[in-house]
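1. structure for the following, please:
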Amino acid sequence: MTLAVTRSSKTVALALGGGGARGLAHIPMLEVFDELGIRPVAMAGTSMGAIYAAAYAAGLSAAELHAYTLAMLADRRGMRNKLMAARSGRLADLFSGLGNPVMIDAEVFCDAFLPEAVPQAFADLAIPLTIVATDYYGRRERAFTAGPLRQAVAASMAIPGAFRPVRIDGQVLVDGATVNPLPLDHLTGKADILVGIDVSGAATIAAETDMPGTFEAMFGALQIMQAAIVDAKAAHYRPDILIRPNVGSIRALDFARSSVVFRLARPAKEELKRKLGELLERG
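-> Presented below is the predicted three-dimensional model:
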């Protein structure tokens, strides 16, 4: 892109949404910012979007996030060991009724899988960040902008049934995508250009015999709900750019298909680069 873009006086705010493995598509979108030589002045993230927003706001480049993600996903044994260590229950709990032996402790998970460069506190970030979680008993959104960062990220991605809820300030918190899968509203008025990346995925047509498994059905239903919420929020808050990578064919837990996600996201990356470049050059 031209030097006029990198010297633009316009500011940009960026919202990253939730979507399970589809959230890997955030990495190519972040590459656009690095390639244009600009940094958002504010960011907001939910669930998988919270993970990548926290890492990027900490100062990691998109290239570093790409390399880190690929290395982590390639280490199948290491991932398995970390997941086993992050289990919040025991096998005996299945028969005692005390818990789910396969449920993951979200806080242990984040400590194990987040890059070391992601700090413990919001105050140590290079870019102001809002992380969205859901107050389970209050049935409302909880937004974090200060305090413990990794704990907030853990709460934001604590998918019900897969991750144990996170308790912060006496509130029991679960996945922020249940109430605000693309937190555009938290960035309104904070920059000249508002960009939203929706990775909830478009509808796909599968064979009638392609029955989803238990967890896939649960996550899939959540993503259907997310898509409806994002449509409503986008219509109300009207981002200057709303990008929807074509990752609907990726299942919520398809992290092993990272190369496919990146390939599917290429057209969306080019779309974002073109649209953002044009808006910046107009300034």
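2. average model confidence for stretch 195-212?
-> Stretch 195-212 shows a mean pLDDT of 74.
3. could I get stretch 172-190 in CSV with only the CA atoms?
-> Written as CSV, here are the backbone C-alpha positions of stretch 172-190 (Å, rounded to 0.1, in the frame of the first residue of the first chain):
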residue,chain,number,x,y,z
VAL,A,172,-19.7,-16.4,37.7
LEU,A,173,-18.7,-15.7,34.2
VAL,A,174,-19.0,-17.6,30.9
ASP,A,175,-18.3,-17.1,27.2
GLY,A,176,-18.9,-13.5,26.2
ALA,A,177,-20.2,-14.7,22.8
THR,A,178,-23.5,-15.7,24.4
VAL,A,179,-24.4,-12.0,24.8
ASN,A,180,-22.0,-10.0,22.6
PRO,A,181,-20.1,-12.0,19.9
LEU,A,182,-18.7,-9.0,18.1
PRO,A,183,-18.3,-6.1,20.6
LEU,A,184,-18.6,-3.2,18.2
ASP,A,185,-20.6,-1.1,20.7
HIS,A,186,-17.5,-0.9,23.0
LEU,A,187,-15.5,1.0,20.3
THR,A,188,-18.1,3.5,19.1
GLY,A,189,-16.7,7.0,19.1
LYS,A,190,-13.1,5.8,19.9
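4. list the buried ones in that stretch?
-> Neighbour-count burial for stretch 172-190 flags 172-187, 190 (criterion: 16 or more other C-beta atoms under 10 Å). C-beta here means a position set from N, CA and C on the backbone, and glycine is covered the same way.
5. next one: stretch 266-277
-> A268, K269, E271, L272, K273, K275, L276, G277.
6. ok, these vs A235, which is closest?
-> Nearest to A235 out of those is K275 (C-beta to C-beta; 18.6 Å).
7. quick check: that closest one vs L30, distance?
-> Between K275 and L30 the computed distance is 15 Å (C-beta to C-beta, to the nearest Å).
8. cheers, nothing more for now.
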